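**Q** What shape does this take:
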Amino acid sequence: MPPVESGDLILRYADSVAEIDTLEPLWNALQTHHATISPDLGKRTPSRDHGEAWRVRRSKYEHWLQHPDTFFVLAEIAGEPVGYAFVTVGRGYASWQTGPHLAELETLSVLPENRGGGVGSALLNAVWSHLTERGVEDMAITTTITNVDSHRFYEREGFQQRFVVYYGKAPARSSPVRRR
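**A** Next up is the predicted model:
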């Protein structure tokens, strides 16, 4: 698919593992943001450092890109990456009459100095355009409860909060199950 241009902003579709490393500084910016708004997920789950977080996320990207419907959109200004959206596509919800396929926005990251300037909206528009071409009309997004700026952004973009995700860790000590 050809790049989409809007003024100085160029959006480029990609679906290759070879291009993943372009995303690292953008992921690191998101990781810094996450560590600021949610330094942990509980007393025993602190945030990761950049190197470890990128290693884990990169591995997920490699895995997801094995599926032919997975893609990402890279936003560039003056040839420099300023943001990206990473999308997977799977089966629709069983309990609700969604389409047969459901997209999941796995990551949306925009460098701090480019936030609020329309890059995120342009990325989402490019994602929707690509999904529409593939016949996908439903998308889910997960964001941390403390990321209120992202909540406002997604609501402005037409999304509505419909799920609550809980996180937990196994108890520090568990009592053994007695078998008879």
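**Q** Next, count neighbours for the closest residue to F71 other than its chain neighbours.
**A** In this structure, F71 finds its nearest non-sequential neighbour in D15, 4.4 Å apart by C-beta to C-beta, 6 or more residues apart in numbering. Every residue, glycine included, has its C-beta placed from N, CA and C. Using other C-beta atoms under 10 Å, the number of residues around D15 comes to 16.
**Q** and D15, backbone torsions?
**A** phi -150, psi 30 (degrees, to the nearest 10).
**Q** how close does it get to N125?
**A** Distance of D15 to N125, computed by C-beta to C-beta, to the nearest Å: 18 Å.
**Q** With Y154 instead?
**A** Distance, Y154 to N125, by C-beta to C-beta: 13 Å.
**Q** Please name the bridge partners of the nearest residue to A14 once chain neighbours are set aside.
**A** Counting by C-beta to C-beta, 6+ apart, A14 lies nearest to F72, which is 5.4 Å off, once chain neighbours are set aside. Listed beta-bridge partners, F72: A14, F86 (assigned using DSSP bridges).
**Q** from here on, count from 47
**A** OK, 47 is where the count begins now, so the last one is F118.
**Q** At which residues are the helices of the protein located?
**A** 70-83, 96-110, 165-179, 194-202 (DSSP state H).
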